[in-house]
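In: dropping a prediction and its sequence here:
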Amino acid sequence: MTGYQGVWVYAIADYAGGDVFLHAGVARTQVRAIAAAGLTVLASDVDLAEFGEEALPRNLENLSWLEEMARAHHNVVDAAARLFPVLPTRFSTVYRSEATMVAALAERREQLRSALTRVGGHVEWGVKAYAVPGWEGDPTARQGDASEPITAGVAGPGPGTGTGAESGAGMAYLKRRRAQILARQEFSRTAAASAREVHIELSGHAAQARLYPPQATALSRTKAPMLLNAAYLIDAEGSAEFDSEVAAAAAAHPDLKLDLTGPWPPYSFAGQEG
Amino acid sequence: MIEGDIVQSGAGAAQTYRSGGASGRGAANLGDILERILDKGLVIAGDIKVNLLDIELLTIKLRLVIASLDTAREVGINWWENDPWLSADAARRADSAVPAGTTAPVPRAGESELRAENRRLRSRVTELEAGGEDYEGRR
């Protein structure tokens, strides 16, 4: 069923226009290059029954819908970014018509042009740092048995009924446990300081840098806490060099595991002034 | 110097550097994509108004879910679809005050309610992240 059509925007491009072959867009729509205010907009015609004011907020809450659309959206932006400079627009930018879209862009033409110049020729790299439990400098690694002695306390008689030997074991456990907690806190502090150093080092090699909140530990596949979740805007010519910088940072900080992702389109730098 | 495998298979694929030999990961993960397309990106006012508070709320909720989404899918778990915390649809189903049959439009919550929910979710995220300290002992 087709209802009213709207225009879903992926990115603003610095591109002379003409035919461009890109992946299918959201909801398997065709991606069009639309000339607007001296710029080119990559967009799809979408059904407002699915992408309109009423449906969109509800659909955004549907994780399988969101995943499908997010991947389709990303594939278009990513393919375009490999061909020409792009400013990715925030996911869920929808207009009722091409005319209102063109008008909205015309108002911000200069700002968009300068932003395109800023990100042009650059790519985004993502770096995450995790604390590495158990590396040779981890103070908690030297007391590896601390989770076991709790059985002595649990299996034994309740407090007050125990023999002297048992309460001694319980006390020893509590002391060990406390020392372990303190050591772990100290380790977390130093690992966090390492992550800050890595960020400062890498920022020095980047045109711009942005921090994201660390992704939740309790739910991520990695058990170790994430201490850094950053994005760096890097000259496309300097990607190999940045790669080496990350490798060097990883070697200099054995208490961290670093994950490098990319190259990404400059998502994290499209909406920010330099 | 780098002993870990370095794997790169297209945009967003992860390379892992780790002294001691870790293996690289697979393709761009959904969490990284959503983080970027929802949280960043150029904001130009569209005609179709999606409340930015809604988007903020969504990203907070997603931080609770996406990291484990792929894993959960693999084993056929879809708990978030019925968790009122994580799904507005489920919240609506759970809320008997909403008359049955009013599927759309969604009655818009007042902004103050959204703010309150944002606060609650933020503190839940904090709690969960604090809970992550328990990782020790399972290495």
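Out: Nice, thanks for sending it over.

In: just confirm residue A:89 contacts residue A:11, I think it does.
Out: Yes: with contact defined as CB atoms under 8 Å, residue A:89 reaches residue A:11; the gap is 5.9 Å. Bear in mind the C-beta positions are built from the backbone N, C-alpha and C, glycine included.

In: more neighbours, those two?
Out: The neighbour count for residue A:89 versus residue A:11, taken as other CB atoms under 10 Å in any protein chain shown, is higher for residue A:11 (29 against 26).

In: what's near enough to touch residue B:43?
Out: Residues in contact with residue B:43 (CB atoms under 8 Å, 6 or more residues apart in numbering or on different chains) are A:89-90, A:93, A:271, B:52.

In: can you check residue A:6 too?
Out: Going by CB under 8 Å, 6+ apart, residue A:6 touches A:45-48, A:51-52, A:94-97, B:47-48.

In: please determine how far it is located from residue B:43.
Out: 17 Å (CB to CB, to the nearest Å).

In: same thing with residue A:3?
Out: Distance from residue A:3 to residue B:43, by CB to CB: 26 Å.

In: which helices and strands sit right next to the helix or strand harbouring residue A:230?
Out: Using DSSP states H and E, the element containing residue A:230 is strand A:226-235. Strand A:226-235 is packed against strand A:122-131, helix A:164-203, strand A:208-211, strand A:256-264, with contacts defined by 3 or more CB pairs under 8 Å, 6 or more residues apart in numbering or on different chains; DSSP states H and E.

In: next, format the ones you listed as a markdown table and append mean pLDDT and mean neighbour count.
Out: Below are the helices and strands packed on strand A:226-235 laid out as a markdown table (pLDDT from 0 to 100; neighbours: other CB atoms under 10 Å in any protein chain shown):
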| stretch | mean pLDDT | mean neighbour count |
| --- | --- | --- |
| strand A:122-131 | 94 | 25 |
| helix A:164-203 | 83 | 15 |
| strand A:208-211 | 93 | 18 |
| strand A:256-264 | 94 | 24 |
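
In: what is the neighbour count of residue A:271?
Out: The burial count for residue A:271: 17, using other CB under 10 Å.

In: A helix includes it, no?
Out: No: Residue A:271 is assigned coil when assessed by DSSP: H, G, I helix; E, B strand; the rest coil, not a helix.

In: list the contacts of it.
Out: Per CB under 8 Å, 6+ apart, neighbours of residue A:271: A:90, B:40-43.

In: now list the buried members of those residues.
Out: A:90, B:40-42 (16 or more other CB atoms under 10 Å in any protein chain shown).

In: pull the most distant pair out of those.
Out: B:40 and B:42 (8.6 Å; CB to CB).

In: so what sits against both of these two?
Out: A:90, A:270-271.

In: redo those residues as a markdown table? Include pLDDT.
Out: Formatted as a markdown table, these follow (pLDDT from 0 to 100):
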| residue | pLDDT |
| --- | --- |
| A:90 | 88 |
| A:270 | 92 |
| A:271 | 82 |
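
In: show me what from the stretch 151-274 of chain A comes close to chain B.
Out: Residues of the stretch 151-274 of chain A found near chain B (CB under 8 Å from any CB of the partner chain) are A:180, A:184, A:188, A:210, A:212-221, A:223-225, A:231, A:243, A:246-248, A:250-251, A:254, A:257-265, A:267-271.

In: in the chain, which segments are predicted with low confidence?
Out: No chain in the question, so chain A it is. Confidence mapping of chain A against pLDDT under 70 gives the ranges A:1-2, A:17-19, A:21, A:134-167, A:216-223, A:272-274.

In: actually, chain B is the one I wanted.
Out: For chain B (pLDDT under 70), the answer is B:1-27, B:49, B:51-57, B:59-115, B:126-139.

In: isn't residue B:33 up against residue A:70?
Out: Yes: the pair residue B:33 / residue A:70 is scored as a contact, 5.5 Å apart, by CB under 8 Å.

In: higher neighbour count, those two?
Out: residue B:33 (24 against 21).

In: find the nearest non-adjacent residue to that one, please.
Out: residue A:74 (5.0 Å; CB to CB, 6 or more residues apart in numbering or on different chains).

In: contacting residues for the one you found?
Out: B:12, B:28, B:33, B:36-37.

In: just give me the closest of those residues to residue A:195.
Out: Looking across these and measuring by CB to CB, the closest to residue A:195 is residue B:36, at 20.2 Å.

In: thought the closest one was touching residue A:264?
Out: Yes: at 6.7 Å, residue B:36 counts as touching residue A:264 under the criterion of CB under 8 Å.

In: now do the shared contacts for these two.
Out: Counting by CB under 8 Å, 6+ apart, the residues touching both residue B:36 and residue A:264 are residue A:231.

In: follow-up on the earlier one: just the buried residues of the contacts of residue A:6.
Out: A:45-48, A:51-52, A:94-96, B:47-48.

In: residues near residue A:114, how many?
Out: 11.

In: and it, what helix or strand is that in?
Out: Per DSSP H and E: helix A:109-119 holds residue A:114.

In: that helix near chain B anywhere?
Out: Yes: between helix A:109-119 and chain B, judged by CB under 8 Å from any CB, the touching residues are A:112, A:115.
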